[in-house]
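> The following block contains a protein sequence and its predicted model.
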Amino acid sequence: MYKFLYTEQTNEKASEFETKSLLYLMSMRKDSEEIDYFLVDCFNDVTGMNANYNKLWDMQSKGIKTLTPKKIGESLITLFENFLSDINFSFYLLFFPKVNDRYILDSKIQVFKIENFKQEYIQKIVEGLQQEYINRHELITQHVMEQIQLFIEIVNFVIADEDKCKYIKNLIKFKKEINKDDEFFNSIFNEIRDKQSVLKNMSIHKKEITEIKEVLNFNKHIKRNEIEMLLINRIIGNDIFRANNIPISFYNELKKLNVDEDSVRDIIQQCNSNISLMMFNNNNKKNFWKFFEIIYYLIRKYPNYTLGEIYRKIPIEKINKIKSLDEISIKFFIALLKEGFINENS
């Protein structure tokens, strides 16, 4: 059983720092693609969870720029409480701004363990955690002190990047730089932060769960594909799954098919279904982003080309790796991107 005792009890907005920590989990780790859910203010500020509900990345974010070793130790308390709980967390991460170089051995690395702190400051971190535990529980046993020593060896310390645009750019799996200014990236960052704020306003204080997956019943989570969908819609400049959305450039393709109104509905529905399968196939994300990038740049390079002309410029090996799309679905996808490009430049 797990009881939520340290969640926000008052209305709070998600900080820029908490959003950075979410986006760090989503795209800046080697294992980021394993994370399908981002739990907001449940176990911690942000906790990543995989699709099978059996792997958790627990992250505490601390946006204080002048963190001393003792304050760093105090900031570990919620992670440590989770370490002691009945829930098995795979990773414990403390996310904070760059600290004074005099505290650490190698200031060039972003993610490190306790051994990167200089020896004289490691004890200060331990003392800070011990004191914060006493503040919560009034006393500390020898067993808890031993657990602190075990915990302190496995926690990951993550230095945040100051540029919030970088966190959004990192989500876009394009090899070339996308043709957008910082305002574009900042606006997406702020949208994600606002989604977090809404979820933080929902209190689960003193509620309990017996299995990890039950936390989803509180609806305090963001799915990976929700953020990816937001990102794609903003890049396209169009809501890709807007009801009854038929891009103007696609009408010529429909005329060629010479079909009635009911058949048009079926074609559009099937195209949307095929595109959805492509976009939400977690096992083929790399090929999707490559496919998306090619079409995006072809439309920008040849804005006056027809759908057929752009289609014929897509390398056949890229098309073959997107199993869910037939030719008409690809042309429909091109039309959606093309319409967004037109709207952006009108």
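Ah, there it is.
> For the chain, give me the ranges with low pLDDT.
Scanning the chain with the threshold set as pLDDT under 70 gives 7-14, 243-244, 343-346.
> just the helices in it please.
16-27, 69-75, 77-84, 119-137, 142-154, 164-169, 182-200, 224-236, 251-257, 261-279, 285-301, 307-313, 316-320, 327-345 (DSSP state H).
> Now the fourth one: buried residues?
Counting neighbours by 16 or more other Cβ atoms under 10 Å, one finds that the buried residues in helix 119-137 are 121-122, 124-126, 128-130, 132-133. Bear in mind the C-beta positions are built from the backbone N, C-alpha and C, glycine included.
> And the shortest one, by the same measure?
Using 16+ other Cβ under 10 Å as the test for burial, helix 316-320 gives residue 319.
> ok, residues contacting it?
For helix 316-320, the external contacting residues (Cβ atoms under 8 Å, 6 or more residues apart in numbering) are 287, 290-291, 294, 325, 330.
> now it: how far from the chain's centre is it?
28 Å (Cα atoms, centre = their mean, to the nearest Å).
> Using the record's assignment, carve this structure into domains.
2-230, 238-345 (automatic domain parsing).
> what about the closest residue to residue 292 other than its chain neighbours, neighbour count?
Distances taken as Cβ to Cβ, 6 or more residues apart in numbering put residue 232 closest to residue 292, at 7.4 Å, once the chain neighbours are dropped. Residue 232 is flanked by 21 other residues according to other Cβ atoms under 10 Å.
> where's residue 232 relative to residue 295, distance?
12 Å (Cβ to Cβ, to the nearest Å).
> Same check on residue 109?
Distance from residue 109 to residue 295, by Cβ to Cβ: 37 Å.
> Looking at those two, which is more packed in?
residue 295 (20 against 11).
> quick one: contacts for the more buried one?
So residue 295 contacts 310, 314, 333-334, 337 (Cβ under 8 Å, 6+ apart).
> before we move on, what about residue 64?
71, 96-97.
> ok, of the residues you listed, which one's closest to residue 57?
residue 96 (16.2 Å; Cβ to Cβ).
> Does residue 127 touch residue 73 like I think?
Yes. Using Cβ atoms under 8 Å, residue 127 is in contact with residue 73, at 6.3 Å.
> Counting neighbours, what do you get for residue 115?
11.
> Ok, residue 302 next?
For residue 302, using other Cβ under 10 Å, the count is 12.
> which residues touch the residue nearest to residue 155 when sequence neighbours are not counted?
With sequence-adjacent residues excluded and distances taken as Cβ to Cβ, 6+ apart, residue 155 is closest to residue 92, at 4.6 Å. For residue 92, the contact set (Cβ under 8 Å, 6+ apart) comprises 58, 79, 82-83, 151, 154-156.
> So in terms of bridging, what pairs with residue 92?
residue 58 (DSSP bridges).
> Check the gap between it and residue 341 for me.
44 Å.
> buried ones in stretch 206-226?
Quick answer for stretch 206-226 (16+ other Cβ under 10 Å): 207, 209, 212, 215-216, 218, 220-222, 224.
> re the thing from before, so the residue nearest to residue 292 touches residue 279, yeah?
Yes. Applying Cβ under 8 Å, one finds residue 232 in contact with residue 279, separated by 7.1 Å.
> Which residue of the protein lies farthest from its centroid?
The outermost residue of the chain relative to its centre, with distances by Cα atoms, centre = their mean, is residue 258 at 43.2 Å.
> in the sheet, who's paired with residue 40?
Per DSSP bridges, the residues bridged to residue 40 are residue 46.
> if I pick it, what's in contact with it?
14, 22, 46, 196, 199-200, 220-222.
> follow-up on the earlier one: measure the residue farthest from the centre of the chain to residue 264 for me?
From residue 258 to residue 264 the distance is 11 Å (Cβ to Cβ).
> got it, and residue 319?
From residue 319 to residue 264 the distance is 24 Å (Cβ to Cβ).
> Count the neighbours of the residue lying closest to residue 111 once chain neighbours are set aside for me.
Nearest residue to residue 111 in three dimensions, chain neighbours excluded: residue 158, at 5.2 Å (Cβ to Cβ, 6+ apart). By other Cβ under 10 Å, 19 other residues sit near residue 158.
> you'd agree residue 158 is up against residue 116?
No. Using Cβ under 8 Å, residue 158 makes no contact with residue 116, being 11.6 Å away.
> No further queries at this time; thank you.
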